[in-house]
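> build me a model from this:
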Amino acid sequence: MEEGIRTYREMAVAIIFQIIVYAVAGAFISGQYVIFPVSVAIGGAVAMGALINMRRCIDIALDLDSVSARRYATRQSLIRIATMGLSLCVAFFFRDYINPWGVLVGIFSLKISAYLQPGVHRCFDLLKKRRIRGK
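Just a heads-up that it's a prediction; the model follows:
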(Lines give C-alpha, C1' and ligand atoms only; values in the text may rest on other atoms or scores of the structure.)
Protein backbone atom coordinates (compact mmCIF):
# COMPACT_ATOMS: atom_id res chain seq x y z
CA MET A 1 0.00 0.00 0.00
CA GLU A 2 2.90 2.34 0.74
CA GLU A 3 4.14 1.92 -2.82
CA GLY A 4 0.72 2.97 -4.14
CA ILE A 5 0.82 6.15 -2.08
CA ARG A 6 4.33 6.86 -3.32
CA THR A 7 3.28 6.34 -6.94
CA TYR A 8 0.30 8.66 -6.38
CA ARG A 9 2.60 11.38 -5.00
CA GLU A 10 5.06 10.97 -7.85
CA MET A 11 2.28 11.29 -10.43
CA ALA A 12 0.99 14.41 -8.65
CA VAL A 13 4.47 15.94 -8.81
CA ALA A 14 4.70 15.04 -12.51
CA ILE A 15 1.33 16.74 -13.18
CA ILE A 16 2.38 19.90 -11.35
CA PHE A 17 5.71 20.01 -13.20
CA GLN A 18 3.96 19.56 -16.55
CA ILE A 19 1.40 22.27 -15.79
CA ILE A 20 4.18 24.76 -15.11
CA VAL A 21 6.09 23.83 -18.27
CA TYR A 22 3.01 23.77 -20.51
CA ALA A 23 1.67 27.05 -19.12
CA VAL A 24 4.93 28.92 -19.69
CA ALA A 25 5.65 27.39 -23.11
CA GLY A 26 2.06 27.73 -24.28
CA ALA A 27 1.85 31.36 -23.19
CA PHE A 28 4.84 32.28 -25.32
CA ILE A 29 3.74 30.17 -28.29
CA SER A 30 0.12 31.34 -28.28
CA GLY A 31 0.75 34.92 -27.22
CA GLN A 32 -1.99 34.61 -24.57
CA TYR A 33 0.00 35.42 -21.45
CA VAL A 34 -2.92 35.10 -19.03
CA ILE A 35 -5.67 33.06 -20.67
CA PHE A 36 -3.54 30.09 -21.73
CA PRO A 37 -1.78 29.52 -18.38
CA VAL A 38 -5.11 29.83 -16.54
CA SER A 39 -6.64 27.34 -18.97
CA VAL A 40 -3.80 24.88 -18.46
CA ALA A 41 -4.20 25.29 -14.68
CA ILE A 42 -7.93 24.51 -14.98
CA GLY A 43 -7.14 21.38 -16.98
CA GLY A 44 -4.45 20.48 -14.44
CA ALA A 45 -6.96 20.86 -11.61
CA VAL A 46 -9.31 18.47 -13.43
CA ALA A 47 -6.38 16.05 -13.91
CA MET A 48 -5.46 16.24 -10.21
CA GLY A 49 -9.10 15.64 -9.29
CA ALA A 50 -9.15 12.59 -11.55
CA LEU A 51 -5.93 11.31 -9.96
CA ILE A 52 -7.37 11.74 -6.48
CA ASN A 53 -10.54 9.96 -7.59
CA MET A 54 -8.49 7.08 -9.06
CA ARG A 55 -6.58 6.60 -5.83
CA ARG A 56 -9.78 6.68 -3.77
CA CYS A 57 -11.47 4.30 -6.22
CA ILE A 58 -8.62 1.79 -5.98
CA ASP A 59 -8.65 1.92 -2.17
CA ILE A 60 -12.38 1.25 -2.06
CA ALA A 61 -12.38 -1.39 -4.83
CA LEU A 62 -9.72 -3.44 -3.01
CA ASP A 63 -12.14 -3.89 -0.12
CA LEU A 64 -15.01 -5.13 -2.33
CA ASP A 65 -15.67 -8.52 -3.89
CA SER A 66 -14.64 -8.89 -7.54
CA VAL A 67 -18.05 -8.24 -9.13
CA SER A 68 -18.81 -5.21 -6.98
CA ALA A 69 -15.27 -3.89 -7.43
CA ARG A 70 -15.54 -4.14 -11.22
CA ARG A 71 -18.90 -2.37 -11.19
CA TYR A 72 -17.65 0.34 -8.84
CA ALA A 73 -14.44 0.92 -10.81
CA THR A 74 -16.36 1.13 -14.09
CA ARG A 75 -18.82 3.64 -12.64
CA GLN A 76 -16.02 5.80 -11.24
CA SER A 77 -14.16 5.65 -14.55
CA LEU A 78 -17.25 6.86 -16.39
CA ILE A 79 -17.62 9.70 -13.89
CA ARG A 80 -13.99 10.74 -14.49
CA ILE A 81 -14.43 10.66 -18.26
CA ALA A 82 -17.68 12.63 -18.04
CA THR A 83 -16.01 15.23 -15.81
CA MET A 84 -13.17 15.66 -18.27
CA GLY A 85 -15.60 15.92 -21.18
CA LEU A 86 -17.78 18.40 -19.32
CA SER A 87 -14.78 20.59 -18.51
CA LEU A 88 -13.84 20.64 -22.20
CA CYS A 89 -17.43 21.50 -23.19
CA VAL A 90 -17.45 24.37 -20.69
CA ALA A 91 -14.10 25.57 -22.07
CA PHE A 92 -15.46 25.55 -25.61
CA PHE A 93 -18.61 27.36 -24.48
CA PHE A 94 -16.54 30.09 -22.77
CA ARG A 95 -13.74 30.15 -25.37
CA ASP A 96 -13.51 33.95 -25.16
CA TYR A 97 -12.29 33.59 -21.56
CA ILE A 98 -10.76 30.10 -21.49
CA ASN A 99 -8.54 28.50 -24.12
CA PRO A 100 -9.96 25.00 -24.79
CA TRP A 101 -6.58 23.77 -26.04
CA GLY A 102 -5.01 24.79 -22.75
CA VAL A 103 -7.65 22.86 -20.83
CA LEU A 104 -7.05 19.84 -23.06
CA VAL A 105 -3.29 20.03 -22.50
CA GLY A 106 -3.86 20.26 -18.76
CA ILE A 107 -6.17 17.24 -18.76
CA PHE A 108 -3.72 15.19 -20.80
CA SER A 109 -1.03 15.89 -18.22
CA LEU A 110 -2.65 13.07 -16.22
CA LYS A 111 -1.95 10.60 -19.00
CA ILE A 112 1.59 11.82 -19.56
CA SER A 113 2.33 11.74 -15.82
CA ALA A 114 1.86 7.96 -15.93
CA TYR A 115 4.74 7.79 -18.42
CA LEU A 116 6.85 10.27 -16.45
CA GLN A 117 6.33 8.50 -13.11
CA PRO A 118 9.32 6.11 -13.43
CA GLY A 119 11.63 9.07 -14.09
CA VAL A 120 10.19 11.01 -11.16
CA HIS A 121 10.62 7.88 -9.03
CA ARG A 122 14.33 7.71 -9.92
CA CYS A 123 14.75 11.43 -9.13
CA PHE A 124 13.09 10.96 -5.73
CA ASP A 125 15.35 7.98 -5.02
CA LEU A 126 18.46 10.01 -5.90
CA LEU A 127 17.34 12.87 -3.64
CA LYS A 128 16.62 10.43 -0.83
CA LYS A 129 20.08 8.84 -1.17
CA ARG A 130 21.76 12.26 -1.19
CA ARG A 131 19.88 13.33 1.90
CA ILE A 132 20.88 10.14 3.72
CA ARG A 133 24.55 10.56 2.72
CA GLY A 134 24.49 14.25 3.69
CA LYS A 135 23.53 13.54 7.31
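
> dump the residue contacts of residue 117.
Contact partners of residue 117, counting by Cβ atoms under 8 Å, 6 or more residues apart in numbering, are 7, 10-11, 14. All C-beta atoms are positioned from the backbone trio N, CA, C, and that covers glycine.

> tell me the secondary structure for it?
Here residue 117 is helix, with the state taken from DSSP: H, G, I helix; E, B strand; the rest coil.

> going forward, begin numbering at 24 instead of 1
Okay, using 24 as the starting number, the last item reads as residue 140.

> please report how far it lies from residue 38.
Counting by Cβ to Cβ, to the nearest Å, the gap from residue 140 to residue 38 is 10 Å.

> repeat for residue 115
When residue 115 is compared with residue 38 (using Cβ to Cβ), they lie 23 Å apart.

> so for these two, which sits in the more crowded spot?
Each of residue 115 and residue 38 has its neighbours counted (other Cβ atoms under 10 Å); residue 38 has more, 22 against 12.

> which element, helix or strand, includes the more buried one?
When secondary structure is defined using DSSP states H and E, the element that contains residue 38 is helix 25-53.
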